[in-house]
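Q: using only what follows, build the 3D model:
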Amino acid sequence: MLEQNIAMGNLAKFDEVMMKFNYLMDPKQLRMTCKVTNQECYWIPVSPGRSMSGDNVHVSMMCKKCLNRKDIFMTKKEYKVQERIIEREVGIV
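A: Residues are numbered from 1 along each chain as shown. Below is the predicted model of the structure:
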């Protein structure tokens, strides 16, 4: 659908396109199954990065399907790579 909108000259709204952020999660947390679908959870960020001590950044994640929440921690360098995508998903930009 996004490809069609771009090809037709229409700009798709970013909030219509949800990205799966499972690649940011710890592999142990990915083995947990979703309480609703009994499959892999669909993790999305629900808060912007928050600076922590030791040059770490905290981001709260939530499963889009079962609403389970987890916290992840990244280095500032890792966060800078993902910052715009996370902020766009959370709705700050």
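
Q: wait, residue 65 sits on residue 40?
A: No. The pair residue 65 and residue 40 fails to qualify as a contact (Cβ atoms under 8 Å) at a distance of 9.7 Å. Backbone N, C-alpha and C define where each C-beta goes, glycine included.

Q: any idea what residue 57 is bridged to?
A: residue 51, residue 74 (DSSP bridges).

Q: which residues of the protein score low on pLDDT?
A: 1-19, 92-93 (pLDDT under 70).

Q: 90 - rerun?
A: 1-35, 37, 39-44, 47-55, 64, 74, 78-93 (pLDDT under 90).

Q: all helices of it, in order?
A: 2-7, 27-30, 76-90 (DSSP state H).

Q: export the ones you listed to a markdown table and tack on distance to residue 21?
A: Listed next are the helices of the chain as a markdown table, based on distance: least, Cβ to Cβ, whole Å:
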| stretch | distance to residue 21 |
| --- | --- |
| helix 2-7 | 17 |
| helix 27-30 | 11 |
| helix 76-90 | 7 |
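
Q: most tightly surrounded among the ones you listed?
A: When you average the neighbours per residue for each of the helices of the chain (mean count of other Cβ atoms under 10 Å), helix 76-90 leads with a mean of 15.

Q: which helices and strands sit right next to it?
A: Contact here means 3 or more Cβ pairs under 8 Å, 6 or more residues apart in numbering; DSSP states H and E; on that basis helix 76-90 packs against strand 43-45, strand 56-63.

Q: what does stretch 57-74 contact?
A: The contact list for stretch 57-74 (Cβ atoms under 8 Å, 6 or more residues apart in numbering) reads 18, 21, 24-26, 29, 32, 34-37, 41-52, 56, 75-76, 78-79, 82, 86.
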